[in-house]
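**Q** 3D model of this:
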Amino acid sequence: MSVRSFMFYMPTKVIFKRGSLNEVGRETRSLGKRVLLVTGRRFARQYGYLDRLSKLMEKEGLVVHIYDKVEPNPSFETVNRGAEYAREHNVDVIVAFGGGSAIDAAKGIAVLCTQGGKIEDYVYPNMVEGEVLPVVAIPTTCGTGSEVTRYAVLTDIKRKKKLTVVGYPIIPKIALLDPLVLRHLPSELTAYTALDALSHALEAYWSKSSQPISDLVALESIKVIIKNIEAGYKDPEKRDALHYASLLAGIAINAAGTTMIHGVGYYLTAYHNIHHGLANAMFLPFAFKFNSPVIKEKVMRLAQYLEIKASNYEEAANRFFKLLCRLEDAVGIPKSLRDIGISESEIDDIVKDALTYERNMKNNPRPIDYESLREIVLEAYSGRP
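**A** Modelled structure (predicted):
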């Protein structure tokens, strides 16, 4: 057996258990004394987590300042204002509590606090290098994976573009995964975020940058999500496995990156405010169908891992495509782009916008041109079988 060369790097200390939120004070104290607590605008306050987190950290002698201004799909402006607030209070550690938006905003703030400038100065193809403030990430959804990644996805409101800050220094130092916080997540968002994680895992698995370790965690993430998404969708007490799978998918994309699904889904979020996980789900089955002919061995390995009975590649690919469609049906994902308000006149705009995300498109295993991508978007517009 030959193994190709690879580099795998994950500096995050991960604590996964029910009640791990209670360790935020002790864990954060190891990194600094003056905390910026970064959260969204509603969830943390509504369910009492702002007070709880603040008291847990103050009990350990930490000084806590709250920045609860992060919107879904955080803007450059939100990150820049957060950094100004952090510098005013001379913070030396950041705690992010929320979904990917809060964690990604915290990463951007961490960069600006030590390196200055505006967050616009750091978007890809620029790379973050050098010291940033340490981040403790506490994810509250089962989809982001941002607690273990080198990416922060932010929104340029003026240009209606999703842009990425990339660099190993922004990977959180500590991730606290407490599945109990998922009890507050509506069923709809549970489905969207879990399918976001499934998209992460599948894209990492088939990406050009995939490697042995990312393949292992991606396969396990896919298996766990497929086995648990319906139960988690229906029962808030059965979401621990989805939280775990999201972590695994984050580890996978940190090594292997994302591909065409993210690139084509960004338009739906930037122009229609459609949840990122739902946007990915609309294209997921069709992206698999498009890519599968160039990853036949991986399709067979995936079928074997999932115990899908198939005597050949075509049978395996067809059965997994049908499985994806059935899962999306089971958790209430709309059938087609038409069903979420996308006009047929937008199809070419979606394609043009997607092709500008070169980092994602170049990482796709099968080359993509205008016509092939347009066909995929048309399939998504027509809808799942």
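**Q** which residues touch the nearest residue to Ala175 once chain neighbours are set aside?
**A** Nearest residue to Ala175 in three dimensions, chain neighbours excluded: Glu147, at 3.8 Å (Cβ to Cβ, 6 or more residues apart in numbering). Backbone N, C-alpha and C define where each C-beta goes, glycine included. By Cβ atoms under 8 Å, 6 or more residues apart in numbering, the contact set of Glu147 is Thr12, Val14, Ile103, Ala137, Ile138, Pro139, Pro172, Ala175, Leu177, Leu247, Gly250.
**Q** Just the buried residues from those residues, in PyMOL please.
**A** Buried subset of those, written as a PyMOL selection, criterion 16 or more other Cβ atoms under 10 Å:
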select buried, resi 12+14+103+137+138+139+172+175+177+247+250
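**Q** which of the contacts of Glu147 lies closest to Leu21?
**A** Distance to Leu21, by Cβ to Cβ, is smallest for Ile138 among the contacts of Glu147, at 6.6 Å.
**Q** the domain parsing of this structure - what is it?
**A** The record assigns the chain these domain ranges, following automatic domain parsing: 13-182, 185-382.
**Q** and of these, who's closest to Arg4?
**A** Taking these one by one with Cβ to Cβ, domain 185-382 is closest: 7.3 Å.
**Q** For the closest residue to His272 other than its chain neighbours, grab the count of nearby residues.
**A** Residue nearest to His272 in three dimensions, not counting chain neighbours: Gly341, with 6.5 Å by Cβ to Cβ, 6+ apart. Look at Gly341: counted by other Cβ atoms under 10 Å, it has 11 neighbours.
**Q** from what I can see Gly341 touches Leu268, true?
**A** No: using Cβ atoms under 8 Å, Gly341 is not in contact with Leu268, being 9.5 Å away.
**Q** picking up where we left off before, tell me the pLDDT of the residue nearest to His272.
**A** In this model, Gly341 is scored at 98, pLDDT.
**Q** So what touches stretch 247-256?
**A** 8-10, 14, 16, 144-151, 171, 175, 177, 197-198, 200-201, 203-205, 207, 209-211, 213-215, 217-218, 220-221, 224, 363.
**Q** Of those residues, keep whichever come out buried.
**A** When these are checked against 16+ other Cβ under 10 Å, the ones flagged as buried are 10, 14, 144-151, 171, 175, 177, 197-198, 200-201, 203-205, 207, 209-211, 213-215, 217-218, 220-221, 224, 363.
**Q** Poorly predicted segments of the stretch 201-350 of the chain, please.
**A** Applying pLDDT under 70 to the stretch 201-350 of the chain flags no residue at all.
**Q** How are the helices of it distributed by residue range?
**A** Using DSSP state H, counting those that start in this stretch, the helices of the stretch 201-350 of the chain run over residues 212-234, 240-256, 260-272, 276-291, 296-305, 313-330, 347-355.
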